[in-house]
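S.K.: give me the fold of what follows.
(one chain, ligands or ions: 1)
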Amino acid sequence: MARIYAVGVGPGDPELLTRKAERILRQADVILAPVSRSGEVSVALETSREFLDAGRQQIIIHQFPMTSDMGRLIPAWQEAAALMAGHADAGREVAFITIGDPLLYSTFIYLLRIFRTSYPHLEIEIVPGISSINTAAAAAGVALAEADERLAIIPATAGMDAIIEAVAKFETVVLLKVKPLYADILEMLRQMGRQQSTLFVERVGSDRQKVLSDLSEMAAHKPDYLSLMIVKKR
Ligand SMILES: C[S@@+](CC[C@H](N)C(=O)[O-])C[C@H]1O[C@@H](n2cnc3c(N)ncnc32)[C@H](O)[C@@H]1O
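M.R.: Residues are numbered from 1 along each chain as shown. All right, here's what the predicted structure looks like:
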């Protein structure tokens, strides 16, 4: 029986994909790349492209809708897990590729739970990836945490109350998935006096990378889904 791999491919720059990830991508028989809409370009697949051999490997693009509707999500997870388990049981090595790290807000976390409960015989190996957070901090040249500082990671989907609480409490707050609440977050940053200590980072690691430190420039910008903010106390 072959293994299932979850491979973190980093933020979008093939040079930020680890040597281990490259080796596994080259040797896998089946690659499963997630997208949220049909026809969408998979950033994970584009990042991995140069390490893959479309002539030898089977590349599957699987749709996981971007919704909180469990009635749509659970079947998509179960279908992907069954597909991957079927290939592994047939002796094929399967790699699920994911942007950044597979255990940080990735669809793979849900698949892992299904593998553990419904396919406990399968061997799973998780290959960590460089997350968008580390890459954004490097691109902006800002420390995530030093000495006794505390760092919080908040998906903006947690809501404004959770964001405000974290910004008030932690020395550094990384806000992920900022797009839907972008205007509210900018207003909150003004009210909490974080105009001089916030960075906006979009599409880090790609040729569309954008780093903004000026709140009025941020306000004039329409953010992409792949964008985050680093909010410092000082
Ligand atoms: C579902 S989470 C995935 C996080 C990913 N597993 C990681 O380790 O970076 C998606 C969110 O991560 C952030 N993100 C992912 N890739 C990014 C990139 N290249 N540039 C900026 N933010 C990114 C954005 O906040 C996006 O909404």
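S.K.: from here on, contacts and neighbour counts on C-alpha atoms
M.R.: Fine.
S.K.: and the ligand, is the host helix or strand of residue 168 touching that?
M.R.: Assigned by DSSP states H and E, residue 168 falls within helix 160-169. No. Helix 160-169 is not in contact with the ligand by Cα under 6 Å from any ligand atom; minimum separation 13.7 Å.
S.K.: show me the contact partners of that helix.
M.R.: 152, 154, 156, 173, 175, 181, 184, 185, 188, 231, 233 (Cα atoms under 8 Å, 6 or more residues apart in numbering).
S.K.: so which of these belong to strands?
M.R.: 152, 154, 173, 175, 231 (DSSP state E).
S.K.: domain boundaries for the chain, per the record?
M.R.: As given by automatic domain parsing, the domain ranges for the chain are 4-127, 132-232.
S.K.: quick one: those domains as JSON lines, columns for mean pLDDT and mean neighbour count too.
M.R.: Below are those laid out as JSON lines (pLDDT from 0 to 100; neighbours: other Cα atoms under 10 Å):
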{"stretch": "domain 4-127", "mean pLDDT": "96", "mean neighbour count": "18"}
{"stretch": "domain 132-232", "mean pLDDT": "97", "mean neighbour count": "17"}
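S.K.: elements contacting the helix or strand harbouring residue 79?
M.R.: Per DSSP H and E, residue 79 falls inside helix 70-89. Counting contacts by 3 or more Cα pairs under 8 Å, 6 or more residues apart in numbering; DSSP states H and E, helix 70-89 packs against strand 4-8, strand 94-98, helix 108-118.
S.K.: turn those into JSON lines, columns for distance to residue 83.
M.R.: Shown next, in JSON lines, are the helices and strands packed on helix 70-89 (distance: least, Cα to Cα, whole Å):
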{"stretch": "strand 4-8", "distance to residue 83": "11"}
{"stretch": "strand 94-98", "distance to residue 83": "10"}
{"stretch": "helix 108-118", "distance to residue 83": "11"}
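S.K.: which one of these lies closest to the ligand?
M.R.: Distance to the ligand, taken as Cα to the nearest ligand atom, is lowest for strand 94-98 among the helices and strands packed on helix 70-89, at 6.7 Å.
S.K.: run the chain-centre distance for that closest one.
M.R.: 13 Å (Cα atoms, centre = their mean, to the nearest Å).
S.K.: ok, it: who's next to it in the sheet?
M.R.: strand 4-8 (parallel), strand 30-35 (parallel) (DSSP bridges).
S.K.: and the angle from that strand to helix 70-89?
M.R.: If you take axes from the mean of the first three to the mean of the last three Cα atoms, to 10 degrees, strand 94-98 sits at 140 degrees to helix 70-89.
S.K.: what are the contacting residues of strand 94-98?
M.R.: Under Cα under 8 Å, 6+ apart, the answer for strand 94-98 is 2-10, 24-25, 28-34, 44-45, 84, 87-88, 106, 108.
S.K.: next to the ligand, which bits of this structure? Give me the list.
M.R.: Going by Cα under 6 Å from any ligand atom, the residues of the chain near the ligand are 11-12, 99-102, 104-106, 131-133, 176-177, 201-205, 225-228.
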